[in-house]
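# What follows is a predicted structure for the sequence shown.
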Amino acid sequence: MILKVHTKHKEIHMSLDSLKRNNSLDKLLGEVKKENAPQEKKSYKDERLWKPELDKSGNGYAVIRFLPAVEGEDMPWAKVWNHAFQGPTGQWYIENSLTTLGQNDPVSELNSKYWNTGLESDKEIARKQKRKLQYFSNIYVVSDAKHPENEGKVFLFRYGKKIFDKIMASMQPEFEDESPVNPFDFWEGANFKLKIRKVAGYWNYDSSEFEAPSAMFDNDNQIEEVWKQQYALAEFTAASNFKSYEELKTRLDTVLSGTVTVGNIAEKMEDEPVMAPMVDTTPVDDTPPFKVDSSEDDDTMDYFAKLAS
């Protein structure tokens, strides 16, 4: 027992000696200086995401391969609705829409209210605040001349309706002389030639096309290596990645400065909500009221994010 007390006393004595040696004013002031130094701006770029780059003439070209669903998931893509628009306050509303999860969303409710007035001015507001659709898939970069270091690697790829339509067209061809192709298949899929042109300031993908079907590699071991590198897509539609209805309503109220004008009546955002329209689970519809410009830029969210920051 005496030895135990003596040992404990010795440990305390050594800790005090250490404290005495390190009790430096210079060190303390140095730490304060670090805390007060301007913080380096953090980058929120997701390094898993691959993005094509345009050349000086405004064109872009790359060859990619869409990859199948990872083990434990059924679909090779994740579908996410979001909103991105600027309010009269100058602030931006950039949020995932709860309609992705089949739930009511405050912006969709508000847009329904605008549209139902029948006034063209209100319909125009609804169009500007319309939800947009994005898809996420795993891809293998076959060729990327602007960034050859990306070649032979697996990335996530974010794309919009235009490219998704080309995927669906390959799986469900319109003409009798065309055979259906599953572009996500390792063995019977096809490389995708991504061709981008700047048209009226927007990225245009009309010239993009699939190559003839072929196996990704002759060796299944190489295919398995790629498959192991793929990312799960379930996180994109996980409830944890969506704010609650109340949080979104608060943010919307802030962006719109607390009031909205529907028709000729100014109403507080806290008023009784209007029933949201039924959530459409089919691919994006180009029919009114939320007509999507055919030249819509898939890079819109990046552009809005930069403005918002």
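Perfect, I can see it now. What you are looking at is a predicted structure, and each value in this text was computed from that prediction instead of being measured.

# Pull the number of nearby residues for the closest residue to Ala190 other than its chain neighbours.
Leaving aside its sequence neighbours, Ala190 sits nearest to Phe210 (Cβ to Cβ, 6 or more residues apart in numbering; 4.3 Å). Just so you know, the C-beta spots here come from the backbone N, C-alpha and C atoms, and that holds for glycine as well. Residues lying near Phe210 (other Cβ atoms under 10 Å) number 17.

# same thing with the one 3 residues further on?
Number of residues near Pro213 (other Cβ under 10 Å) recorded here: 16.

# and it, what is it in contact with?
Going by Cβ atoms under 8 Å, 6 or more residues apart in numbering, Pro213 touches 181, 188-190.

# Check the spacing between it and Pro180 real quick.
Here the criterion is Cβ to Cβ, to the nearest Å. By it, Pro213 lies 10 Å from Pro180.

# ok, now Tyr135?
Tyr135 sits 20 Å away from Pro180, going by Cβ to Cβ.

# which of those two has more neighbours?
Neighbours per residue, other Cβ under 10 Å: of Tyr135 and Pro180, the larger number sits with Tyr135, 23 against 9.

# The helix or strand harbouring that one pairs with which strands?
Assigned by DSSP states H and E, Tyr135 falls within strand 132-143. Using DSSP bridges, the strands paired with strand 132-143 are strand 59-66 (antiparallel), strand 78-86 (antiparallel), strand 154-159 (antiparallel).

# Now rank the contacts of Pro213 by neighbours and give me the top one.
Gly189 (22 neighbours).

# Run a quick neighbour tally on Ser214.
Counted by other Cβ under 10 Å, the residues lying close to Ser214 total 13.

# Report the contact partners of it.
Ser214 neighbours (Cβ under 8 Å, 6+ apart): 189-191.

# same thing with Ala239?
Neighbouring residues of Ala239 by Cβ under 8 Å, 6+ apart: Leu101.

# Tell me the spacing between it and Asp105.
For Ala239, the distance to Asp105 equals 14 Å [Cβ to Cβ].

# in stretch 92-107, what counts as buried?
Buried residues in stretch 92-107, counted by 16 or more other Cβ atoms under 10 Å: 92-101, 104-107.

# With stretch 232-252 instead?
Neighbour-count burial for stretch 232-252 flags 233, 236-237, 242, 248-249, 251-252 (criterion: 16+ other Cβ under 10 Å).

# ok, back up a step: wait, which of the contacts of Pro213 is closest to Lys79?
Gly189 (20.0 Å; Cβ to Cβ).

# Work out for me the element that closest one sits within.
Applying DSSP H and E, one finds Gly189 in no helix or strand.

# check contacts around the closest residue to it other than its chain neighbours.
Beyond its immediate neighbours in the sequence, the residue positioned closest to Gly189 (Cβ to Cβ, 6+ apart) is Pro183, lying 4.9 Å away. Pro183 makes contact with 66, 167, 170-171, 189-190, 192, 210 under the criterion Cβ under 8 Å, 6+ apart.

# Please identify which pair of these lies farthest apart.
Greatest spacing in these, by Cβ to Cβ: Met171 and Phe192 (12.9 Å).

# okay, those two: which has more neighbours?
Using other Cβ under 10 Å, the more surrounded residue of Met171 and Phe192 is Phe192, with 23 against 11.

# ok so, going back, mind picking the two most distant members of the contacts of Pro213?
Longest distance between any two of the contacts of Pro213 is 8.3 Å, between Glu188 and Ala190; criterion Cβ to Cβ.

# Pull up the overlap in contacts between those two.
Here Glu188 and Ala190 have 181, 213 as joint contacts, going by Cβ under 8 Å, 6+ apart.

# Looks to me like Pro68 is in a strand.
No: assignment of Pro68 by DSSP: H, G, I helix; E, B strand; the rest coil gives coil, placing it outside any strand.
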